[in-house]
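# Structure of the sequence below:
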Amino acid sequence: MTVTQPDVSVVIGAYEAMPYLVECLASVEAQTIDPTRIEVIAVDDGSTDGTGEYLEEFAARAPMPVTVVRQENSGGPSGPRNVGLDKAAGRYVFFLDADDRLGPEALERMVAMADRAGTDVVLGRVEGVNRSAPKSMWGRTLERTDVFSSNIKFTLSAQKLFRRELLTRHGMRFDESLFTGEDALFTMEAYLRANGVSVIADHTCYYLVGRDDGKHVTKSGSYTLRFDSARALMELIAEHVPAGDRRDLLMVRPFVVTLLPQFGPRYLKDDEAVRRHKLELAKPLMAAYWSEGVARRLKVHERLRLHLVAEQRADLLEDVVEFVRAKKQAPALLEKGGRRLYLVYPHFRDRSAGVPDSVYLAGPREARAFPGYRETPVDSFLRRAVRRARRALPSRAGTPGGRAAAA
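Modelled structure (predicted):
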């Protein structure tokens, strides 16, 4: 009897996943792809709530092959995913969290996209259920893009379709020393190594479910783990991308998504020792990776806070964070005939503070929201040229308008 290779291995790492696991597995069983074309590898990571027993019940009745592994708790999501990946036989691998669920037709559509486009990673549109979900990368369906030409760097969760040959060739595994952000590291590496990435924006392939019991992994972990995650991602980017514009573009992600929140409203609740420790943890990261190229891509309040972190100016940072927490609109100051717009956040042109004016200078995208701002002819020309170039790029099977806006 000839055993055919499955198209996709669905890897599910599960820990204390009941009752969410019920809908998760139902969404797998409801997939329109032929059951003979998929396999499920489920790893129970030491659950005590019936998760392992329910997985075994599902394996006994499911129409597709299901392998259940039960192990001692590993302490994080990386271990179970790696166990599942080691057992995967499919041409593609999809990592499904046990408290989330697949959208209808998700696997069939993603496999078809990867086969048609020849790409190594496929992102299916994600919607949040009782929680937020990434949005900026779903502007249009793209048969072929990359991490530099689109906003996919802002969705680094593991819930994507990966060509298994890519993962095997590069020995890719989830970093079990990280307890948060491990999926960001894995996915960014896949983006950087991939021969093309596809985006399915016109069909919801994944539902990201917010748990009522507060056990979702993204809610856990101390601030020191966030700095570990930021450092690992920055080091990975630096390892794969030479210093310059392309590296700066990708560094925006760990600076804004991982590092900056440590100097947001929660900073005001930190005691003095924690504040000092956060600045100490940030110092080597700012010294190594903070650059003018990263700074100019940020909004003024983001740039200002990170500038103060880089300068270790705790005496100024609290005022700025308080201003941001209050959600106040900084006054705009127009100069140079309306062609230069500063946002007057705390310490602007305060000689004793010594913060350069350039830190408060709004870029064209942010400045356009303010009446009286006049874009320079060069900026306007470049903006029109970029729009024309995007329209000329192929999106799918020869249709125009192929690339998503760069962040």
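# where does the protein dip in pLDDT?
1-3, 213-221, 378-407 (pLDDT under 70).
# what about the strands in it?
8-14, 38-45, 66-71, 92-97, 101-102, 121-129, 142-145, 161-163, 197-209, 332-335, 340-343 (DSSP state E).
# tell me, how many neighbours does the residue nearest to residue 370 when sequence neighbours are not counted end up with?
With C-beta to C-beta, 6 or more residues apart in numbering as the criterion, residue 370 has its nearest non-adjacent residue at 4.6 Å, and that residue is residue 332. All C-beta atoms are positioned from the backbone trio N, CA, C, and that covers glycine. Close neighbours of residue 332, defined as other C-beta atoms under 10 Å, add up to 16.
# quick one, what contacts residue 332?
Residue 332 sits next to 341-344, 362, 370, 372-373 when contact means C-beta atoms under 8 Å, 6 or more residues apart in numbering.
# Now a PyMOL select for only the buried ones of the residues you listed.
Selection of buried members from the contacts of residue 332 for PyMOL, criterion 16 or more other C-beta atoms under 10 Å:
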select buried, resi 341+342+343+362+370+373
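# Tabulate the contacts of residue 332 (JSON lines), appending distance to residue 147.
As requested, the contacts of residue 332 are exported to JSON lines (distance: C-beta to C-beta, whole Å):
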{"residue": "341", "distance to residue 147": "31"}
{"residue": "342", "distance to residue 147": "32"}
{"residue": "343", "distance to residue 147": "30"}
{"residue": "344", "distance to residue 147": "35"}
{"residue": "362", "distance to residue 147": "26"}
{"residue": "370", "distance to residue 147": "31"}
{"residue": "372", "distance to residue 147": "37"}
{"residue": "373", "distance to residue 147": "31"}
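# now, which of the contacts of residue 332 sits nearest residue 222?
Nearest to residue 222, judged by C-beta to C-beta, of the contacts of residue 332 is residue 343 at 32.7 Å.
# Pairing-wise in the sheet, spell out the partners of that closest one.
residue 332 (DSSP bridges).
# my guess is it meets residue 300, correct?
Yes. Counting by C-beta atoms under 8 Å, residue 343 touches residue 300, with 4.4 Å between them.
# between these two, what contacts are shared?
Shared contacts of residue 343 and residue 300, counting by C-beta under 8 Å, 6+ apart, come down to 330, 360, 362, 366.
# Phi first, then psi, for the third one.
Here the main-chain torsion angles of residue 362 (degrees, to the nearest 10) amount to phi -80, psi 140.
# How much space separates residue 39 from residue 361?
54 Å (C-beta to C-beta, to the nearest Å).
# higher neighbour count, those two?
residue 39 (21 against 17).
# hang on, that one packs against residue 7?
No. Taking contacts as C-beta under 8 Å, residue 39 lies outside contact range of residue 7: 9.3 Å.
# Identify the contacts common to those two.
Counting by C-beta under 8 Å, 6+ apart, the residues touching both residue 39 and residue 7 are residue 90.
# Is the closest residue to residue 80 other than its chain neighbours bridged to anything, and to what?
Leaving aside its sequence neighbours, residue 80 sits nearest to residue 13 (C-beta to C-beta, 6+ apart; 3.1 Å). Residue 13 has these beta-bridge partners by DSSP bridges: residue 43, residue 97.
# For residue 13, which residues are in contact?
43, 45, 77, 79-81, 84, 95, 97-98.
# go on, residue 84?
9, 11-13, 41-43, 69, 95.
# repeat that with 10 Å
9-13, 40-43, 67, 69, 93, 95-96 (C-beta atoms under 10 Å, 6 or more residues apart in numbering).
# need the helices for the stretch 301-407 of the chain, in chain order.
Under the criterion DSSP state H, counting those that start in this stretch, the stretch 301-407 of the chain carries helices at the ranges 314-325, 364-367, 377-392.
# Quick check: residue 47 vs residue 74, distance?
In terms of C-beta to C-beta, residue 47 sits 12 Å off from residue 74.
# Next, show the common contact partners of those two.
Contact with both residue 47 and residue 74 is made by residues residue 15, according to C-beta under 10 Å, 6+ apart.
# hang on, the earlier thing: so which of the contacts of residue 332 is the closest to residue 111?
Distances from residue 111 to the contacts of residue 332, taken by C-beta to C-beta, are shortest for residue 362, at 44.3 Å.
# domain parsing for the protein?
8-218, 222-328, 329-393 (automatic domain parsing).
# Return the most buried member of these.
domain 8-218 (a mean of 19; mean count of other C-beta atoms under 10 Å).
# Give me the distance from that domain to the chain's centre.
Taking C-alpha atoms, centre = their mean, to the nearest Å, one finds the center of domain 8-218 at 14 Å from the center of the full chain.
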